[in-house]
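1. Dropping the sequence and predicted coords here.
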Amino acid sequence: MTDAYTRRQSMAALVGLAGAMTSNTTQATSHTAPIPGNAGASTATAAAMKPAAAAARPGPVVPLGGSVRFDNPVVWKRLVELAGGPGSRFAVMSMAAGRPERAANLAQQALQRAGARTEWVAVAPALKDQDLAAAVRDPQWLQMVMRSQAVFFTGGAQARIVDTLRPAGQDSPLLQAVLALQARGGLVAGTSAGAAVMSQTMFRDAPFVTSVLKGILRRGVEFDKGLGFAPDGLFIDQHFLKRGRVGRMIPLMLATGDRLGLGVDEDSAALIQEGEVEVLAGRGALLVELHAAQQKLENGALSLQGARISLLEPGDRFNLETGRLQPSEAKLAAPVTFRAPNFDPTFEFDRYFMDILGDYAIVDAMVQLVDGPKPQVRGLAYSALARPGDARRDLGFEFVLTRDEHTRAWAPLGTGGDPYTIERVRLDIRPVRVPQPFVRDWTEPA
């Protein structure tokens, strides 16, 4: 049993939710519910605080990669199904947002259209004249979470979520209530910033991917402790494929010791439940494995050998225990046979990716690799602009993608080979020197 699991079970007992609340969660109740941190708990409440004989499994976690359309029928309907179906109650938290009421309203409307009932937990740093220290202990908001089957975190700045729910590093009663909801089987979901807080570690504020690659990675600045709803050892990031964030995920995983990373793309969602990851919708997710990776410093810069990256599309599943990737049923009959002697690749020519961390460039490079003429594809990660704290303007990184005996790929029939599911491409990263200036006028002497 993991520490995170034990922590959630303890919170369930603390707030008296280990089965006592389940039958009453579909409608608001008028009697007093057990409140974390409430010294005036009644005798009946104290009795309810006893752990149930058979503890429920922790509920599902659904990180949404950000920029999820509010009319996306797959994501919102699936969230309601996971929470218990039509009529299930969601507590919406918009503390990450600069305009929390608006963010909560949009999320509530999307959930309501999918059949949910929603309430807004109106606790947020951006709300004027609110005492946050008191708000995270307010019985009104604690009971709202306790009578819900799901909690949904909106986007914004993830630092606001963590600083509100875990002030000075201490779990607030409101966070304890969310952990208890998950411990009794409830759903925890969030988009963008709401997804970033799901793992034990999160990026706090790291806008420049190449800066993280160069080693600018400070606790409390670029990264921080997350809220830990996801399984131990699984790191989660968002806006992933669109913004080339594999370049910042790997250095942080190396720093924290996490061996598995899940990067969810925009307008996409992933379900983490009972030891398995399933991609639900959108462009999908990238899975990063560092179990066999080796790192070293070359003249003070990161060098990495033997990482593995996999591209998952909707319907694909990955087992966190066995490491087995299961493509969607539509793809099983359509492997990409790049190892066959008569392989006829879709792409005739090789490519070099001048911005491997650009919009969806890592996806294009992986597709080029498994359906192109060469067993290796290369690309450059480099910033031509000076970034805060960057003393090495000429430092860049070459990403080397290789297909080998561990690599497999599938593409559904009748779609022209797109989208692809791609398993375990080898990724090596080596530091390179990029001359300054990178571009010169053609009329200048060579």
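-> On my side now, so go ahead.

2. drop to CA atoms for contacts and neighbour counts, all remaining ones
-> Fine.

3. count of neighbours near Asp71?
-> Other residues lying near Asp71 total 13 when counted by other CA atoms under 10 Å.

4. before we move on, what about Gly98?
-> For Gly98, using other CA under 10 Å, the count is 17.

5. What of the one 5 residues further on?
-> Taking other CA under 10 Å as the neighbour definition, Ala103 ends up with a count of 20.

6. Next: Tyr352.
-> Count around Tyr352 with other CA under 10 Å applied: 12.

7. Which strand residues bridge it?
-> Assessed by DSSP bridges, Tyr352 has beta-bridge partners Arg378.

8. Please name the residues that touch it.
-> 377-379 (CA atoms under 8 Å, 6 or more residues apart in numbering).

9. Specify which member of those is nearest to Gly275.
-> Val377 (32.4 Å; CA to CA).

10. Would you tell me what helix or strand the closest residue to that closest one other than its chain neighbours is located in?
-> Residue nearest to Val377 in three dimensions, not counting chain neighbours: Leu401, with 5.1 Å by CA to CA, 6 or more residues apart in numbering. Following DSSP states H and E, one finds Leu401 within strand 395-402.

11. for Lys77, same thing?
-> Per DSSP H and E: helix 73-83 holds Lys77.

12. Give me the contacts around that helix.
-> Contacts for helix 73-83 (CA under 8 Å, 6+ apart): 60, 62, 70, 86, 88-89, 110-111, 114-116, 149-150, 186-187, 189, 268-269, 280-281.

13. I'd like the next helix or strand past that helix.
-> Downstream of helix 73-83, the next assigned helix or strand under DSSP H and E is strand 89-93.

14. And the contacts of that next one?
-> The list of residues contacting strand 89-93 from outside it, by CA under 8 Å, 6+ apart, reads 25-27, 83, 104, 107-108, 116-123, 144-145, 147-154.

15. tell me which residues in the helix or strand just after that strand are buried?
-> Moving toward the C-terminus from strand 89-93, the next helix or strand (DSSP H and E) is helix 100-113. Going by neighbour count (16 or more other CA atoms under 10 Å), the buried part of helix 100-113 is 100-101, 103-105, 107-112.

16. gap between the next helix or strand after helix 100-113 and the chain center?
-> Sequence order places strand 117-121 as the next helix or strand after helix 100-113, per DSSP H and E. Offset of strand 117-121 from its chain centre (CA atoms, centre = their mean, to the nearest Å): 23 Å.

17. Beta-bridge partners for His408, please?
-> Heads up, residue 408 is Arg, not His. Counting by DSSP bridges, Arg408 is bridged to Glu423.
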